[in-house]
Structure formats: structure tokens, C-alpha cells
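[1] I need the structure of the sequence given here:
(chains A and B)
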Amino acid sequence: MDKRNDKLGWIFSSPYLIFGLVFFLGPLVWSLYLSFTDWDLIAPEYDYVGLDNFLKAMATPGVQAAFWVTYKFMIIFVPLVTAMSLAVAVVIQGLPRFKSVYLIGFFLPYLSSGVVASLIVQGFLSYNSPVNEFLRGTFGIQIDWLGSPLSALFIVGLILAWKFTGYYALILTSGLESIDKEVYEAAAIDGVTDRQRFWKITLPLLYPALYTTLILSFGVTFGIFTEVYQLTGGGPNFATNTWQMEIFNQAFTNLQAGYASAIAILASLVTFISIFAIRKVLEMWGKRNGWV
Amino acid sequence: MVGSNKNNKRRLAVRYVLATLLLLVMVYPYLYMVLNSFADWSQVDRQLVPSKYSLQSYEWLLTGGEVGIARPWTNAFLNSVIVSIASTFLMMLFGIMVAYALSKMKFRGRDTVNNFVLFHMFFPAIILLIPNFLIIQKLGLYDTYWAMIIPKAVSLWAIFMYTNFFKAIPDAFIEAAKLDGASDFKILYKIMVPMSKSITAVIFLFLLMERWTELLWDMIVARSDDMLTLNVLLSQMFGPYGSYPGPLYAASVLLTVPIIILFIMFGKKFKEGMQFSLK
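    Below you'll find the model as predicted:
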């Protein structure tokens, strides 16, 4: 631990330290300061308005919607992506041939851009699309896919599930592979049925990997922007208005930087508390079942 | 015994069929995109699998159609390449440097730096969107490549991954090299980097993919037409009444295929690195 070592250590860390000061610590303080002002992103002068922004934000339908929409996406997206990735992992686990070909194939959607995924879905559901032609021709119904709240929520949830399934399946597959084969052999001798085998052996031993994918997928729901921006713009009537969408709109469309900063702080608080609570619940759930 | 063997074979066959069906469902949207990019314009978004094909959409993309300007798309593609490569390179370089300091260098203040990184990781990124935009403006970088590169030059995730990986490399390697008179730069370059090849493939692909498909940040810091990245241009061109769905599919192919090619090129290394990082 000589002086030279100290200096080198700081030199090696300096890219991060400079970055952290300029693009994290500074902005964090600035953001807090802005949230107490009525700045409009352009005018040179602005006033201190105290907690007005926060009170105003909590009373607007856009922010209230953003709060609830995250949890609605959770209810749709998390079970969907968990079931899909679990199905993929279980089906391809231990396949003697082509296993990695399958894994890579399932991973491909993760590489797509949200804009591209939205474009495909929009085309697929357009008025003259094969899906709608079929529905009109066969059942005589016309569905406004992105114009009704429930289906709009569901479609965005489905796009996200499509994107993340392969990634989570990869995590779950490596979890499945780490399970000792002897446990299954012993169970086979005891005459365990397939269903019991899955619920009593596979699932508990897979719980650590499952915990990872659950935490990751809950996290995803707090950062939804591209798909919603592209497909619904937060509508219809705020039904898909996420935090990011609301902040973007207030800051860069309505040019209310101070007010948008307040919303960003609210969003961060809500995200932070929610993720903390979800972690606690998942841990307790695992412990109660004796899985951890 | 023979019966159970037959049973096992049947089970395996069922699983292959299931896996293939699942895979087809998952890859179908990509197929739909590629087929529609080659479809005759009368059939775009009209059939599950188009029956008439032409290169119309790609031609439009390259020549600009009746608008006659080809530049937007080729230019946006180049912008995407420049921005993504510069950003990803810096995120890798700084990630390796900082991770080396945090895992293998003993210096006063290391714990402080470490705690700062953890504290930083803790915050949802959304809180920084507005002030970071203002900083870019104040620095006079608005609407330049730097606006898209510098704020995306450090990745906490890369630092975190490399730190964990380097910690698993025994100190003995470094001490031996130091006895031979190697400097820290040399150790990093000659020992740590070569030893982390597999995880580098994973980190590189994830970072590049995220940078390549970034929308929100690139959208707010770049305004002029010749600064847009491909993803942002595609996003702007696409509305509910977009009159040229064909070329948009062709542009989507342009945006998706490079990443897939890279992914398949690094496929084997990626798998190894993934296995390590998931342990």
C-alpha cells in the first residue's frame, strides 16, 4: 500500500469517477432542485414553488394512470413470461441433440429493437391484415386492438414476453442443469408421478434461478417506453401510460421540466419501494415453502 | 425394458415436436418481417405468407422512391454504426479498467469507490433523463455524435460483471507477473483481458444490442435529419397511417440483421460466457 499504488488505483477508477460526478451525482442534485421549481425548459428565470409540483402531479390522471399501469403490466407480463420461459426450459432441457440451436433460436427475439417489434405487431394487426380479415370473414367481428384498454395492455405485454422469454429460458435452463440427477433417480424408484416430480422436486430446486427471472421481469415493467410510445402513445385514455411515457411527455412535449422532474422523483420512489417489497415477498414465499 | 425404451423414444420425439413448434411461434414475427420486406407492395400486411415477391422495398430504401432522397436511410445506418461502436468500445474499455481497480488493485479509497458504484446502481435511470439532457445542452453537445456517445460511455453493468469475473482470477497470476516487473497496464492487457474472453463476448453483445436499439436518449439529444440513428428514423417514419410499410420492413431488416449476424458469429463464446455468468 504505497503512495504509487494509491495514485494508480485512482487513475484506473477515474473514467467512472468523472462519469459518476457529471452524469449521476450532479444530475441527481439538479433533478431534486428542479422539482421544486416551475421551470419550462427554455425561459432563463424560474420560481421556487415548493411542493406544488408533487401535489399537482399526484392529482393528475396521467400520473395516477402511470402508477397503476405499471402494476397492470406486471399482472399480464410476469406470469406470461415466467410460464413461457419455464415451458421452453423444461421442453429443451437435456435434449440430446440441437439443444444449443434451440436455445439460440429462442434467444433471437431478445436482440430485436422495440421499434421493430412494434412495427411488426402494428402491421400484423392493421385493418386489412390476415388476422382481421379472418375475424371479419369468419365471425363478422372487427376488433380495435390498440384502441381498447385491455387489448392494448395485453399486446404490449405480449411483445415484452416475446422479447424476454428466450433470455429467461437460458437462465432457467442453467438452473435445471444444476439439479442433481440422483434426486430424480431416487424419486423414480419411489414411483413418483410426472406431476409430483415437477411440483415437488423440479420447482423447489429451480427456485433460485426462478427468483432471478422473477426479479428481472418485475424490473422490466418499471421501464416500459418504446413499445408504448410507438403503438399507443400511452392511450387509449391513459390506459397504457407508463412512468417513462408520462415523464417524456411532460418534459419534452409540454416542456415542463420542473414538473417532469417531480414526476421522475415520484417514479423513482415508487419503483424503489415496489422492487424492495417484491423482493421481500418473494424471499418470504420461498422460505415458507422451504425452497431457499 | 424394451417397452420403457420405446416409451422414452416417444417422449423424446414429442419434446422435439413441442420445441420446434414453440420455436416457430417465437421466430415467426421475424419471418413475417423478412417476408414482408421482400413482398410485392400490394401484399404487404395482407397475408401471413406473401405469394408475390419483389425488391421494390429495398430499392425504395436505397433510392428514396419518388421523394428521390436516399440519404436518410443509408446515413442513419452509418450514424447507428458510428455511435454504437464508439459507445460500446468505451463501455468495454472503461468497464475493464474500473473493474480491475475494484477487484485487483489495493489502494486507499477503494471501498469508497466501490460503494459509490453500488449507490449509483441503486437508482432508477429515469431520474437522470432531464438533467442529463440539460448537461448535454450546457456542454454544447446537443445534436452531435458526442451527445449520444459520452453519456453512454460507462456501463455500470459492465463494471459489475467484470469485477465479479476478475475476482475469480487467482491473485497468484498477478503477483507472479509483478515479480517479473510487469506494470498494471501490462497485466491488464496481457493477462486479465485474454483470460476473460468468454465473458467479454457476452458483455460486448449485450452492450452493443442495447446501444444499437436505444430510442429514448437518441431521440431527445439529436434533432437534425442527418444526425438521427436508424432506430430513431424508423420510429419517426412509422405512424398509424404510414404509407410505406414495405420500406419500413426493409429498414427493420437492416436494423435487426447485423446484430443477429454478430450474435451467431460469437455464438459459441457467448454460450460459454453465459454459462459462467449464470453460475
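
[2] What ranges does chain B have for its strands?
    With strands called from DSSP state E, chain B shows none.

[3] OK, now which residue of it is nearest to chain A?
    Nearest residue of chain B to chain A: B:Phe107, at 2.6 Å (Cβ to the nearest Cβ). Where you see a C-beta, it was placed from the backbone N, CA and C, and this is true even at glycine.

[4] Grab the nearest non-local neighbour of that residue.
    Spatial nearest neighbour of B:Phe107, chain neighbours left out: A:Gly9 (2.6 Å); criterion: Cβ to Cβ, 6 or more residues apart in numbering or on different chains.

[5] That neighbour against B:Thr112, yeah?
    No: here A:Gly9 does not reach B:Thr112: they are 10.8 Å apart, not a contact under Cβ atoms under 8 Å.

[6] Who has more neighbours out of the two?
    Taking other Cβ atoms under 10 Å in any protein chain shown, A:Gly9 and B:Thr112 do not tie; A:Gly9 has more neighbours (23 against 11).

[7] Where does that one fall, secondary structure wise?
    Taking DSSP states H and E as the definition, A:Gly9 sits inside helix A:3-20.

[8] and the stretch 151-279 of chain B, which residues reach chain A?
    The stretch 151-279 of chain B has residues B:151, B:153-154, B:159, B:184, B:209, B:212-213, B:215-216, B:220, B:231, B:234-235, B:238, B:240, B:245, B:248-249, B:252, B:255-256, B:259-260, B:263-264, B:267, B:271, B:274-275, B:278-279 near chain A, with proximity defined as Cβ under 8 Å from any Cβ of the partner chain.

[9] how about a cut-off of 7 Å?
    Residues of the stretch 151-279 of chain B lying close to chain A (Cβ under 7 Å from any Cβ of the partner chain) are B:151, B:153-154, B:159, B:184, B:209, B:213, B:215-216, B:220, B:231, B:234-235, B:238, B:245, B:248, B:252, B:255-256, B:259-260, B:263, B:267, B:271, B:274-275, B:278.

[10] buried subset of these?
    B:151, B:153-154, B:159, B:184, B:209, B:213, B:215-216, B:220, B:231, B:234-235, B:238, B:245, B:248, B:252, B:255-256, B:259-260, B:263, B:267, B:271, B:274, B:278 (16 or more other Cβ atoms under 10 Å in any protein chain shown).

[11] Most proximal residue of chain A with respect to chain B?
    A:Gly9 (2.6 Å).

[12] State the phi and psi torsions of residue 229.
    Just so you know, I chose chain A. Main-chain dihedrals, A:Tyr229, degrees, to the nearest 10: phi -60, psi -40.

[13] look at chain B instead
    phi -90, psi 160.

[14] and it, how far is that from B:Ile203?
    Computed with Cβ to Cβ, to the nearest Å, the distance linking B:Thr229 and B:Ile203 is 22 Å.

[15] What is the neighbour count of residue 81?
    I'll assume chain A. 26.

[16] That was the other one, I meant chain B.
    B:Val81 has 14 neighbouring residues, counting by other Cβ under 10 Å.

[17] mind checking pLDDT for it?
    Each residue has a pLDDT score; the one for B:Val81 is 94.

[18] any idea how far the closest residue in space to A:Leu172 that isn't next to it in sequence is from A:Ile171?
    Computed as Cβ to Cβ, 6+ apart, the closest residue to A:Leu172 that is not its neighbour in sequence is A:Ala89, at 3.7 Å. A:Ala89 sits 8 Å away from A:Ile171, taking Cβ to Cβ as the criterion.

[19] higher neighbour count, the two?
    Legend: neighbour count by other Cβ under 10 Å for A:Ala89 and A:Ile171, higher for A:Ala89 (27 against 19).

[20] can you tell me which residues contact that one?
    A:Ala89 sits next to A:169, A:172-173, A:176 when contact means Cβ atoms under 7 Å, 6 or more residues apart in numbering or on different chains.

[21] Correct me if wrong: A:Thr165 contacts A:Ser85.
    Yes: taking contacts as Cβ atoms under 7 Å, A:Thr165 lies within contact range of A:Ser85: 4.9 Å.

[22] about what we covered before: need the contact list for the residue of chain A closest to chain B.
    Contacts here follow Cβ under 7 Å, 6+ apart; on that basis A:Gly9 touches B:101, B:105, B:107, B:110.

[23] How much space separates the first one from A:Gly147?
    Shown here: B:Ala101 relative to A:Gly147, a distance of 53 Å by Cβ to Cβ.

[24] Over to the last one?
    B:Arg110 sits 56 Å away from A:Gly147, taking Cβ to Cβ as the criterion.

[25] The residue nearest to A:Leu172: which element?
    helix A:61-92.

[26] Give me the next element, helix or strand, following that helix.
    Using DSSP H and E, the helix or strand that follows helix A:61-92 in sequence is helix A:99-107.

[27] for that following helix, packing partners?
    helix A:61-92, helix A:149-177, helix B:2-38 (3 or more Cβ pairs under 7 Å, 6 or more residues apart in numbering or on different chains; DSSP states H and E).
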